[in-house]
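In: Mind looking at a prediction? Sequence and model below.
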Amino acid sequence: MVPALRAGVFTLNAGPRLSILHTESSIGWGGQEIRILTEARGMLERGHQVMLLTPPNAELLPAARKLGVPVEAISIARKRIGPLLELRKWLAANGRRYDVINTHSSTDSWLTAVACLTLADMPPMVRTRHVSTAINNHWSTRWLYTKATAHIATTGEALRSQLHRDNGFALETMTSVRTGIDLNRFQPLDKAAMRARLGIPENPTIGILATLRDWKGHDDLLDALKLLRIKFPEWRLIIIGDGPQRARLTSRVQKENLAEIVRFVGNVDNVPEWLSTLDIFTLPSFGDEGVPQGIMQAMACGLPVVSTPVGAIAEAVQDGSTGILVAPKNATALAAALEQLMADAALRQHMGQAGRAYALASFGIAVMLDRMTDVFVRAVKARKEH
């Protein structure tokens, strides 16, 4: 049980104990939400105080409760006067007990910034940017990022560089903090045993782990699979995850006679076991990514990766070493990269081992927690000195 911390107890000496308020307006589920919970749980275990605010219908709400992360439901899903007033009321009553507010999406960042503008003695706001979506240069947006926000944390160096290049945000106001994963949990398991446990045939298998959104590239993967099917009839595809495209993708697989070689397993809790049934991992995303956790988890489990160089993916997948990068939205290029690995077991093993080594050196939770703690401490220190 983490003891309650009073605002003002915070010190900047070695081993500071922080009181951290997270806000997240998203109601969906994906890597961003997993990052928030992983970080919050890790901070709690280090002795910090954590609170999360999220909408009543957010998938994050029950997930946080299940993990023992303190959470309250508050209607912050939309940029409207009602949610603004509700958040302002909550902050007026509770905000001053926190050292820092960490916002995560556009809506909750705007609501928090405006609410804090109308209240005295609010804690500094740190914005975590999880994706590489372009930000406009309107004066109001610049105010949000350069005035209302004390510091910006990005989930990859590519995102930090993009904000500096395209928006002119000063590099010293931003820190790249890659998402960390539990390397004790994500590790190679016995493939034969996992396949037997999960009812997976002995066929060689490609897998994708991602929320079923159109920009994750599932359609490109199915297109590539059709190109590879004749030459590699024994290979299978496992699609791990769920999302808004589930019904459409399932229908497509049925209509195109791919049901015998494609399996949907939905969201699963035993991700390392499922990853350990695979021979190749792929994520042909063409969207606004940071460093997807699915890629990091697959590498930690010793899998070679075929992906695209969007967002900060290239910071994890070293082309030709831990995997192969191909142009996004290009099923032919994707098929060629997959074929290279499908035809060469030794190459799969070599890249998988290299990926595992890189994950051990770079993807641990401790690194993420250390760097986020430093970001929070600097934001608090700057506010005290202001």
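Out: Yep, it's here.
In: what about the helices in the stretch 101-250 of the chain?
Out: 106-117, 139-143, 157-167, 191-198, 218-228, 246-255 (DSSP state H, counting those that start in this stretch).
In: what about residue 98, how many neighbours?
Out: Neighbour count for residue 98, taken as other CB atoms under 10 Å: 23. Yep, even glycine has a C-beta here, placed from its N, CA and C like the rest.
In: Quick check, pLDDT for it.
Out: The model reports residue 98 with a pLDDT of 98.
In: do residue 9 as well
Out: Looking at residue 9, the pLDDT reads 37.
In: looking at this, residue 306 is in a strand?
Out: Yes - under DSSP: H, G, I helix; E, B strand; the rest coil, residue 306 falls within a strand.
In: quick one: it from residue 289, how far?
Out: According to CB to CB, to the nearest Å, residue 306 stands 15 Å off from residue 289.
In: go on, residue 107?
Out: 20 Å.
In: So the two - more neighbours on which side?
Out: The residue with more neighbours, out of residue 107 and residue 289, is residue 289; 27 against 20, by other CB under 10 Å.
In: need the contact list for that one.
Out: Residue 289 sits next to 131-132, 310-313 when contact means CB atoms under 8 Å, 6 or more residues apart in numbering.
In: In CSV, list those residues along with neighbour count and pLDDT.
Out: Below are the contacts of residue 289 laid out as CSV (neighbours: other CB atoms under 10 Å; pLDDT from 0 to 100):
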residue, neighbour count, pLDDT
131, 18, 84
132, 21, 81
310, 23, 92
311, 24, 87
312, 24, 88
313, 24, 94
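In: ok, which pair from these is furthest apart?
Out: Farthest pair in the contacts of residue 289 (CB to CB) is 131 and 313. Separation: 11.9 Å.
In: ok, back up a step: distance to residue 276 and mean pLDDT added to the helices of the stretch 101-250 of the chain, as JSON lines?
Out: Formatted as JSON lines, these follow (distance: least, CB to CB, whole Å; pLDDT from 0 to 100):
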{"stretch": "helix 106-117", "distance to residue 276": "36", "mean pLDDT": "98"}
{"stretch": "helix 139-143", "distance to residue 276": "44", "mean pLDDT": "96"}
{"stretch": "helix 157-167", "distance to residue 276": "29", "mean pLDDT": "93"}
{"stretch": "helix 191-198", "distance to residue 276": "4", "mean pLDDT": "97"}
{"stretch": "helix 218-228", "distance to residue 276": "20", "mean pLDDT": "98"}
{"stretch": "helix 246-255", "distance to residue 276": "24", "mean pLDDT": "98"}
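In: For the host helix or strand of residue 89, name the packing helices and strands.
Out: Element membership for residue 89, per DSSP states H and E: helix 81-94. Using 3 or more CB pairs under 8 Å, 6 or more residues apart in numbering; DSSP states H and E, the elements in contact with helix 81-94 are helix 106-117.
In: Just the buried positions in the helix it packs on, please.
Out: Neighbour counts using 16 or more other CB atoms under 10 Å place 106-113, 115-116 of helix 106-117 among the buried residues.
In: same check, this time on stretch 57-65
Out: 58-61, 63-64.
In: pLDDT, distance to residue 236 and secondary structure for those - can I get that in CSV?
Out: What follows is those, written out as CSV (pLDDT from 0 to 100; distance: CB to CB, whole Å; DSSP: H, G, I helix; E, B strand; the rest coil):
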residue, pLDDT, distance to residue 236, secondary structure
58, 97, 34, coil
59, 95, 29, coil
60, 97, 33, helix
61, 98, 36, helix
63, 96, 30, helix
64, 98, 35, helix
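In: Where does the prediction get shaky in the protein?
Out: The model of the chain has pLDDT under 70 over residues 1-15, 386.
In: Which single helix of it contains the most residues?
Out: Secondary structure of the chain read by DSSP state H shows that its longest helix is helix 365-385.
In: what separates it from the chain centre, distance-wise?
Out: Relative to its chain's centre, helix 365-385 lies at 20 Å (CA atoms, centre = their mean, to the nearest Å).
In: Touching it from outside, list them.
Out: Contacts for helix 365-385 (CB under 8 Å, 6+ apart): 10, 12, 16, 18, 20, 38-39, 42-43, 46, 99-100, 102, 123-124, 126, 150-151, 153, 175, 177-183.
In: Drop anything exposed from those residues.
Out: 10, 16, 18, 20, 38-39, 42-43, 46, 99-100, 102, 123-124, 126, 150-151, 153, 175, 177-183.
In: pretty sure residue 228 contacts residue 339?
Out: Yes - with contact defined as CB atoms under 8 Å, residue 228 reaches residue 339; the gap is 6.1 Å.
In: of these two, who's got more company?
Out: Remark: of residue 228 and residue 339, residue 228 carries more neighbours, 19 against 15, as counted by other CB under 10 Å.
In: dump the residue contacts of that one.
Out: Residue 228 touches 235, 335, 338-339, 342, counting by CB under 8 Å, 6+ apart.
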